[in-house]
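# my questions concern the predicted model and sequence given below.
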Amino acid sequence: DTAVSQTPKYLVTQMGNDKSIKCEQNLGHDTMYWYKQDSKKFLKIMFSYNNKELIINETVPNRFSPKSPDKAHLNLHINSLELGDSAVYFCASSQDFQRGARRGIEQFFGPGTRLTVL
Amino acid sequence: AQSVTQLGSHVSVSEGALVLLRCNYSSSVPPYLFWYVQYPNQGLQLLLKYTTGATLVKGINGFEAEFKKSETSFHLTKPSAHMSDAAEYFCAVSERTGNQFYFGTGTSLTVIP
């Protein structure tokens, strides 16, 4: 009964390929996120969706496209993979609003997907 | 935008010694404050958080942190380090309005036997 799950855990692929990473949360949260963690462990927010609506879209190449079919899922599709895309990608979720009031609630993270581009 | 500063990207302590990991934030309005731990090859796990109320917050695994508004700090401490505490630690802040989390650059904790 994992709270935030990601598939696959490892992804090795060639430059130029297109790949997707899937994320699902069973916490009933209304907001989901994608982060990229580089080799120096630096965490960078990429996207955030609230109830299937894009609310944060940081400076990310447009080869990266998030898709949220429903509020429990947020997938990340990457076109034309490049060497620099190699990183660990984390999905997270949070319950940002309750009864109309914003809550200072934490984000729950998935286990990560280690992407290696050769 | 917020910024979060973690002083010391690498901290080494002896087993049984005090652990002190530093975090400072930039906002003039106190945000929500968090510490996360990341064990090797795992995701981030919440250690503790401050939202309101008592400024000394206790978390899991014997960690605690104190919110000091005057110093805009939220340092993480543990009285006695254990080998299992070796991990990467991230401080994060979230504004009281808005949706975004801001993470520090992380501190790698090494525990020496």
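Looks like it arrived, so ask away. Residues are numbered from 1 along each chain as shown, chains lettered A, B, ... in the order given.

# make it CA atoms for all contacts and neighbour counts henceforth
Fine.

# point out where chain A drops to low pLDDT.
A:1-2, A:97-104 (pLDDT under 70).

# hang on, I meant chain B
Applying pLDDT under 70 to chain B picks out residues B:1, B:98-99.

# what's around A:His29, how many residues?
A:His29: 19 surrounding residues under other C-alpha atoms under 10 Å in any protein chain shown.

# kindly report the same for B:Tyr32.
21.

# same thing with A:Leu54?
Counted with other C-alpha under 10 Å, A:Leu54 comes out at 16.

# cool, B:Tyr36 as well?
So B:Tyr36, with other C-alpha under 10 Å, has 20 neighbours.

# ok, it touching B:Phe103?
No. Under the criterion of C-alpha atoms under 8 Å, B:Tyr36 makes no contact with B:Phe103, lying 9.6 Å away.

# what residues are shared contacts of the two?
B:90-92 (C-alpha atoms under 8 Å, 6 or more residues apart in numbering or on different chains).

# which ones among those are found in strands?
B:90-92 (DSSP state E).

# contact partners for B:Ser26?
B:Ser26 touches B:2-4, B:72, counting by C-alpha under 8 Å, 6+ apart.

# from B:Gly106, how far off is it?
16 Å (C-alpha to C-alpha, to the nearest Å).

# now A:Arg63
28 Å.

# more neighbours: which of the two?
More crowded of A:Arg63 and B:Gly106, by other C-alpha under 10 Å: B:Gly106, with 28 against 13.

# I figured that one hits B:Gln6, correct?
Yes. Using C-alpha under 8 Å, B:Gly106 is in contact with B:Gln6, at 6.5 Å.

# and for these two, which residues touch both?
What both B:Gly106 and B:Gln6 touch, as defined by C-alpha under 8 Å, 6+ apart, is the set B:Cys91.

# and the residue of chain A that's closest to chain B?
Proximity of chain A to chain B (C-alpha to the nearest C-alpha) peaks at A:Pro111, 4.2 Å away.

# what is the burial count for that residue?
23.

# contact distance from chain B - what residues of chain A qualify?
Within chain A, the positions adjacent to chain B are A:41-44, A:56, A:90, A:96, A:102, A:104, A:106, A:108-112 by C-alpha under 8 Å from any C-alpha of the partner chain.

# one more time with 7 Å, if that's ok
A:42-43, A:104, A:109-112 (C-alpha under 7 Å from any C-alpha of the partner chain).

# can you map out the strands along chain A?
Using DSSP E, strands in chain A cover A:4-7, A:10-13, A:19-25, A:31-37, A:43-50, A:53-57, A:64-70, A:73-78, A:87-94, A:97-98, A:101-102, A:108-109, A:113-117.

# burial-wise, tell me which of those comes out on top.
strand A:87-94 (a mean of 26; mean count of other C-alpha atoms under 10 Å in any protein chain shown).

# find the residue at the geometric middle of chain A.
The residue lying closest to the centre of chain A (C-alpha atoms, centre = their mean) is A:Trp34, at 2.5 Å.
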